[in-house]
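Q: structure, please.
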Amino acid sequence: MEFIEGKLNEEKVFEGLVFPKTLNPSICNGTTELLVKMIEEKREWLSEILKLHNAILFRGFNVSSPEEFRQVVEAFDWEEMPYMGPTNRVMVTNRIYNANEAPLHQFINFHHEMFLTKQYPSKILFLCTQPSPEGGETCILPSHIVVSKMEKEIPEFVSELEKKGFMFKIKTANVNSNAILGTTWKSYLNTEDEVEAKKRSMEKLGCNSVEFNEDGSAEFVYGPLNPIREFEGKRVWFIPIVRHSANKKDTRTSFGDGTPLPSKGLETYKNILDKVCVDIKWEKGDVMLLDNLSVQHGRRPAKPPRSVFVSLCK
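A: Coordinates of the predicted model:
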C-alpha cells in the first residue's frame, strides 16, 4: 500500500518544497496497525522525504493513545533520546512523554528541542489525541529559511551576532510547577548538591556558570554562543534570541561583550518567525515528525481540553 500525498490549507512552500509534507492512507479509515506497517516498509523513503521537507504530517491513521503512538515511534527503528530540560514532563509509557504542559493560555515560543543541552534529539514526533476547541496549534518553521531571510533583511546584525556571539541566562523555578520553565535545578540535574550540580551543568548543558539564588532558584549562564549552527551543510538558526519563558525575568540576552541586542534586530527576527511559521491545526489521531536539527516548534495559546504527546529520537 502507498501513502497518498495530502494538502493542508496552512502549508507553505520554501525553495520549491512544501512544508510540512502531508501523507494520508489510500483507504478511508486508516489505522495505527496500517501506519506501523507502512513505516516499516518505507523507512528509507520516509527518511528521504524528511530530509527534503524537514516535517511530515501523518493524517488519517487514527492513532488514539500513547501506547499506539509508541508502536509508531518504534516502527522507525530510531534510538530513544531521554528528555532533559527545564520543563516538567512525565513519561506516560515507554518512550512517550506528555508535551509541555504549561498553562494553555500561554504561547510557547519557537525553539529546537533540548537546545540548552550538549546532546539533543535529531528527530521529534508528536501525537494529538485531543485537539483544542480553540487555538492550541503546534507552530513549526524551517530554521534555515530564518537564516537566509535574516541575512537578507538585516545582514549587519547577523554578522555582528556571529562575530561577538550572544549571552543568555535561564532562570529555573524554585518550586516544580507546570510553568514553561517550571523545573527546579535539583530536578533538572537530579541532585541536591550544588557542587555536583555545577559539575553536571558543565558536562550536560554546556553552560559557562551556574548561580544559585537564596530563593532556591538558579541561573544558568550561556555564551558567548553563535546561534547559527551547521548541520549537513545547512545553516540553521538553532538557538533562539528571544525569551523562551512567559516571564521576562526568567531569560535575559545580550551580545557576547555584554552590550544589548538592538531592538531592530530582535523585531526583525520576530517578524521573520511570524512570516515563515506554519500553524498546524491538529486533528485527532494526527502524528507529526520533525527534523529537530532543521525545524523549530512552539505552541499557540489554547482553550482546554488539549492532549498532545511527544517522543524524542537520537
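Q: direction included, what does the worst-scoring helix or strand of the chain on mean pLDDT pair against?
A: The helix or strand of the chain with the poorest confidence is strand 251-255; it has a mean of 82 (mean pLDDT, DSSP states H and E). Here strand 251-255 has these sheet partners by DSSP bridges: strand 166-171 (antiparallel).
Q: heading C-terminal from the partner strand, find the next helix or strand.
A: Counting by DSSP states H and E, the next helix or strand C-terminal to strand 166-171 is helix 185-189.
Q: where does Lys199 sit: helix, strand or coil?
A: helix (DSSP: H, G, I helix; E, B strand; the rest coil).
Q: what number of residues lie near it?
A: When neighbours are counted by other Cβ atoms under 10 Å, Lys199 registers 14. C-beta: built from backbone N, CA, C; applies to glycine.
Q: model confidence at it, what's the number?
A: In this model, Lys199 is scored at 94, pLDDT.
Q: follow-up on the earlier one: contact partners of the least confident helix or strand of the chain?
A: Applying Cβ atoms under 8 Å, 6 or more residues apart in numbering, the contact partners of strand 251-255 are 160-161, 164-171, 181, 224, 241-245, 260-261.
Q: drop anything exposed from the residues you listed.
A: Neighbour counting with 16 or more other Cβ atoms under 10 Å marks 160-161, 164-171, 181, 224, 241, 243-245, 261 as buried within the contacts of strand 251-255.
Q: at which residues are the helices of the protein located?
A: Along the chain, counting by DSSP state H, helices occupy 32-41, 43-53, 66-75, 143-153, 155-164, 185-189, 194-200, 263-276.
Q: any chance of CSV for these, columns distance to Cys207?
A: Formatted as CSV, those follow (distance: least, Cβ to Cβ, whole Å):
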stretch, distance to Cys207
helix 32-41, 37
helix 43-53, 31
helix 66-75, 30
helix 143-153, 22
helix 155-164, 18
helix 185-189, 11
helix 194-200, 10
helix 263-276, 22
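Q: how about those helices, which one is nearest Pro103?
A: helix 185-189 (19.0 Å; Cβ to Cβ).
Q: buried sites along the closest one?
A: Under the neighbour-count rule (16+ other Cβ under 10 Å), helix 185-189 has Trp185, Lys186, Tyr188, Leu189 buried.
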